[in-house]
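Q: Please find the sequence and the predicted model below.
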Amino acid sequence: MPELPEVETIRRGLTNLVQGTTIVSVDALYPKMLNMPAKEFENMLAGKEILQIDRRGKYLLIRLSDDYTLVSHLRMEGKYDVVPEGTENQKHTYVVFHLNDERELRYNDTRKFGKMNLVKDSQVYDLSGLNKIGPEPTEEDLTFDYLKKQLHKSHRKIKAFLLDQSNIAGIGNIYADETLWLSKIHPEQATNYLSDQEIETLRENIIKEIQLAIKGHGTTVFTYKNAFGEEGSFQNHLHVYGKKGQPCERCGTPIEKIKVAQRGTSFCPYCQRVHGDLSE
DNA sequence: CACGATGTTCAAAA
DNA sequence: CTTTTGAACATCGT
């Protein structure tokens, strides 16, 4: 499931493979995923050069000539593939970019949840999802003061808070559970009762874990694989996600799985406990 | 056969 | 305003 580290891995792969190529023509096979009619989408992309590929949170920003950006979100199972011209389409190939070097860039997505928005560069941050996106989980952008302010004005469970992209960009279900376990914070803990110490621990773990996952080329779980020779090895570093019933690495208590904010949530019931006002 | 779980975002409801 | 819920969709396991 592409979270920030997986999207960053794909960004790097795409940069290596298609930066500098020109799009000759496009086949848009699933119009509902686009922000305009398929014909218009195809016509507008024809002839544009792929200048550069950026990322913001889980969004890929494919920078094109003529001041256009193709904003691509993979949602759950979106994948990119680069194949020789004429290769047979896969079952769930929904966009084919014919390049000027006898190759094709393919977008595949079994669940059909992914989205592509072709907009002028200046309109990228007007798109819903990007217009309210929070800071990147880095040392420079995710400051203690910002995180504390956001946590204290929120009245939600910490897990729901972490999944909200307007608070922090790029954290999904896997890294939410992992960073909470690392920080010994219960997923249902009320955000406004976290101590300064807990906030700083959480902040450091988020930044550290995301960087580590990028180094490991992301997490390969279920059927998710990326097609750029970078398989993803971070699943070997997971502590709670997908480990229901297995002993906690710190205390041996079996990992439990519950529903928080409608999402499957794995945690250690001994290491991660809810508390109220810390001044008690 | 039916049903729930899967991860992410957005629109709509509360 | 904030927060929660359901929908979008396909596939797999029970």
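A: Now that the structure is in, tell me what you want to look at.
Q: can you give me the helices for the stretch 1-150 of chain A?
A: Using DSSP state H, counting those that start in this stretch, the helices assigned to the stretch 1-150 of chain A run over residues A:4-18, A:38-45, A:144-153.
Q: How many residues are close by A:Lys48?
A: Using other C-beta atoms under 10 Å, the number of residues around A:Lys48 comes to 20. Backbone N, C-alpha and C define where each C-beta goes, glycine included.
Q: tell me the contacts of it?
A: Listed by C-beta atoms under 8 Å, 6 or more residues apart in numbering, the contact partners of A:Lys48 are A:22-23, A:64-66, A:68.
Q: Now the terminal residues of stretch A:97-109, how far apart.
A: Across its full length, stretch A:97-109 reaches 15 Å end to end, with C-alpha to C-alpha, to the nearest Å as the criterion.
Q: Report the mean confidence score over it.
A: Here stretch A:97-109 scores 97 as its mean pLDDT.
Q: chain center to it, what's the gap?
A: The offset between the C-alpha centroid of stretch A:97-109 and the centroid of the whole chain comes to 23 Å, using C-alpha atoms, centre = their mean, to the nearest Å.
Q: before we move on, back to that, right, so of the helices of the stretch 1-150 of chain A, which gets closest to A:Tyr241?
A: When these are compared by C-beta to C-beta, helix A:4-18 sits nearest A:Tyr241, at 13.3 Å.
Q: touching DNA strand B at all, that closest one?
A: No. Remark: helix A:4-18 sits outside contact range of DNA strand B, by C-beta under 7 Å from any atom of the strand, the gap being at least 8.0 Å.
Q: Which secondary structure elements does that helix sit against?
A: Here helix A:4-18 touches strand A:50-56, strand A:59-64, strand A:78-84, strand A:103-109, helix A:196-215, going by 3 or more C-beta pairs under 8 Å, 6 or more residues apart in numbering; DSSP states H and E.
Q: Show me chain A divided up by domain.
A: As given by automatic domain parsing, the domain ranges for chain A are A:4-126, A:144-267.
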